[in-house]
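**Q** Sharing a sequence plus its predicted fold:
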Amino acid sequence: MDIQYYGANCIKITTKTASIVIDDNIADLGLKSVTKDKDIALCTGAHADTGARITIDTPGEYEVSDVSIRGLAARAHIDEKGQTTATIYRLITDDIRIAVVGHIYPEINEEQLEALGTIDILIVPVGGNGYTLDPVGAHKVIRAVDPKLVIPTHYNDSAISYPVPQKEFEDFKGELSLDAIEPVAKFKVKPSEFTEAMQVVLLERQ
């Protein structure tokens, strides 16, 4: 399995049987959409037409191209208390369990944690400023989910026209007290390389 980053909250997961694109709204932010007509599109919030073969944007359980997908209703970062307009996803493919939280309010309840179960990889935005999780909120979600590996998204990038400024990746790195991290263009997931200590992978925007 390969994981690539395309800016904002857009991630592409490629397996032997499927190509899954998450939150490809990057055309609205000055970048080029990466979704193809053979892809599976997952949307954690409101979105335009994806152009994908299959689009999943609501809670529920799905089985597509040997990928098990479960969507969980969640409070979006901008929702009032009691609203749940966002969707958290758990994906299981190639024996890897991935959680994608999107622009949620920085609280995950026990019911959601039970539904997520054990997570190997957590994909979490960190840019903040009222738009999405900030480094503190992202850290809170990470502690609750307790993944083996974290992939941060939605931090500041001069090539992206965010509606509001986003915090730097360095702010997130400082919140977690991380050492220097070398970015990689593509992350090849190898379960044998997971360690007991949580890892953070910084992906270069493609």
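**A** Perfect, I can see it now.
**Q** what's the straight distance from one end of stretch 176-192 to the other?
**A** Taking C-alpha to C-alpha, to the nearest Å, stretch 176-192 runs 24 Å from one end to the other.
**Q** actually stretch 8-28, not the one I typed
**A** Stretch 8-28 has an end-to-end distance of 10 Å (criterion: C-alpha to C-alpha).
**Q** Buried residues of that stretch, list them for me.
**A** 8-13, 15, 18-26 (16 or more other C-beta atoms under 10 Å). Just so you know, the C-beta spots here come from the backbone N, C-alpha and C atoms, and that holds for glycine as well.
**Q** Now do the strands for this structure: every range, in order, please.
**A** 2-7, 10-14, 19-22, 40-42, 54-56, 60-64, 67-74, 86-93, 96-100, 121-125, 149-153, 187-188, 199-200 (DSSP state E).
**Q** all helices of this protein, in order?
**A** 110-116, 135-145, 169-175 (DSSP state H).
**Q** Identify each buried residue in the last one, please.
**A** For helix 169-175, the buried set under the neighbour-count rule, 16+ other C-beta under 10 Å, comprises Phe169, Asp171, Phe172, Lys173, Glu175.
**Q** Please apply the same query to the longest one.
**A** Of the residues in helix 135-145, those buried under the neighbour-count criterion (16+ other C-beta under 10 Å) are Pro135, Gly137, Ala138, His139, Lys140, Val141, Ile142, Ala144, Val145.
**Q** Pick the one among those closest to Arg97.
**A** Distances from Arg97 to those, taken as C-beta to C-beta, are shortest for Val145 (10.6 Å).
**Q** I'd guessed that closest one sits against Ile98; true?
**A** No: counting by C-beta atoms under 8 Å, Val145 does not reach Ile98; the two are 11.0 Å apart.
**Q** and Thr93, what does it touch?
**A** Listed by C-beta atoms under 8 Å, 6 or more residues apart in numbering, the contact partners of Thr93 are Met1, Ile13, Thr15, Thr17, Ala18, Asp66, Val67, Ser68.
**Q** rerun at 6 Å
**A** Taking C-beta atoms under 6 Å, 6 or more residues apart in numbering, we find Thr93 in contact with Thr15, Val67.
**Q** Quick check: bridge partners of it?
**A** When assigned by DSSP bridges, Thr93 has beta-bridge partners Ile96.
**Q** about what we covered before: will you turn the helices of the chain into CSV that also has mean pLDDT and distance to Leu72?
**A** Shown next, in CSV, are those (pLDDT from 0 to 100; distance: least, C-beta to C-beta, whole Å):
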stretch, mean pLDDT, distance to Leu72
helix 110-116, 97, 5
helix 135-145, 97, 12
helix 169-175, 96, 24
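**Q** Cheers, nothing more for now.
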